[in-house]
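S.K.: Just the structure for this:
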Amino acid sequence: MTGASASASRVIAAARIWLGTPYVHQASVLGAGCDCLGLARGVWRELHGAEPEAPPPYTRDWGEAGGEEALAEAAGRFLLEVPIGAAGHGALILFRMARGATAKHCGIRSATGLIHAYEGAGVIEEPWSPIWARKAAFAFHYPE
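M.R.: Numbers count the residues shown, from 1 in each chain. Next up is the predicted model:
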């Protein structure tokens, strides 16, 4: 997809309203439950309204190996892909959580860190670290 990116401050504000939402696999309900993809979907709805497509069922396994990058392919249909090094604040970052695994975790870069959801913590904002930088596999900006 091509076009202008949504402002970073708008994307981050949309992500921060999800802070404290409990983790619920495959959910995307503000305050009630979401996973990392549910957070990304909620930010989309805040910026653009209805989602362009429903995600297919997916497993919780962050270490799932395989050649198909389903999350990155779906993101590429609706978001603006950028090189990891050019992904600024407000970017949706996709992560490979294990060597040889597909990218199955995502979060929003903020000025101070990463807003994401995971089991046992829900939606949190934590500092960006070299560990997150090493695991980053794809980056996208939300369109205007």
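
S.K.: Only C-alpha atoms from now on, for both contacts and neighbour counts.
M.R.: Will do.

S.K.: What ranges does the protein have for its strands?
M.R.: Assigned by DSSP state E, the strands in the chain fall at 28-29, 33-34, 80-82, 92-95, 105-109, 113-118, 122-127, 136-141.

S.K.: Serialize the ones you listed to TSV and add fields for mean neighbour count, mean pLDDT and distance to Pro55.
M.R.: TSV is the format used below for the strands of the chain (neighbours: other CA atoms under 10 Å; pLDDT from 0 to 100; distance: least, CA to CA, whole Å):
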stretch	mean neighbour count	mean pLDDT	distance to Pro55
strand 28-29	20	98	11
strand 33-34	24	98	13
strand 80-82	20	97	18
strand 92-95	27	98	16
strand 105-109	26	97	14
strand 113-118	24	97	17
strand 122-127	18	98	19
strand 136-141	23	98	17
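
S.K.: now the ones you listed as CSV including distance to Arg10?
M.R.: Formatted as CSV, the strands of the chain follow (distance: least, CA to CA, whole Å):
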stretch, distance to Arg10
strand 28-29, 19
strand 33-34, 20
strand 80-82, 16
strand 92-95, 13
strand 105-109, 12
strand 113-118, 14
strand 122-127, 16
strand 136-141, 12
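
S.K.: Nearest to Ser9, out of those?
M.R.: strand 105-109 (10.7 Å; CA to CA).

S.K.: For the closest one, which strands pair with it and how are they oriented?
M.R.: Strand 105-109 has its sheet partners listed here by DSSP bridges as strand 92-95 (antiparallel), strand 113-118 (antiparallel).

S.K.: Figure out which of the ones you listed is closest to Arg60.
M.R.: Smallest distance to Arg60 across the strands paired with strand 105-109 (CA to CA): 9.9 Å, for strand 113-118.

S.K.: give the contact list for the residue lying closest to Ser9 once chain neighbours are set aside.
M.R.: Leaving aside its sequence neighbours, Ser9 sits nearest to Gly90 (CA to CA, 6 or more residues apart in numbering; 6.9 Å). Listed by CA atoms under 8 Å, 6 or more residues apart in numbering, the contact partners of Gly90 are Ser7, Ala8, Ser9, Arg10, Val11, Ile12, Ile108, Arg109, Ser110, His141.

S.K.: With distance to Ala27 as extra columns, can I get these in JSON lines?
M.R.: Formatted as JSON lines, the contacts of Gly90 follow (distance: CA to CA, whole Å):
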{"residue": "Ser7", "distance to Ala27": "26"}
{"residue": "Ala8", "distance to Ala27": "24"}
{"residue": "Ser9", "distance to Ala27": "25"}
{"residue": "Arg10", "distance to Ala27": "22"}
{"residue": "Val11", "distance to Ala27": "20"}
{"residue": "Ile12", "distance to Ala27": "20"}
{"residue": "Ile108", "distance to Ala27": "17"}
{"residue": "Arg109", "distance to Ala27": "21"}
{"residue": "Ser110", "distance to Ala27": "22"}
{"residue": "His141", "distance to Ala27": "22"}
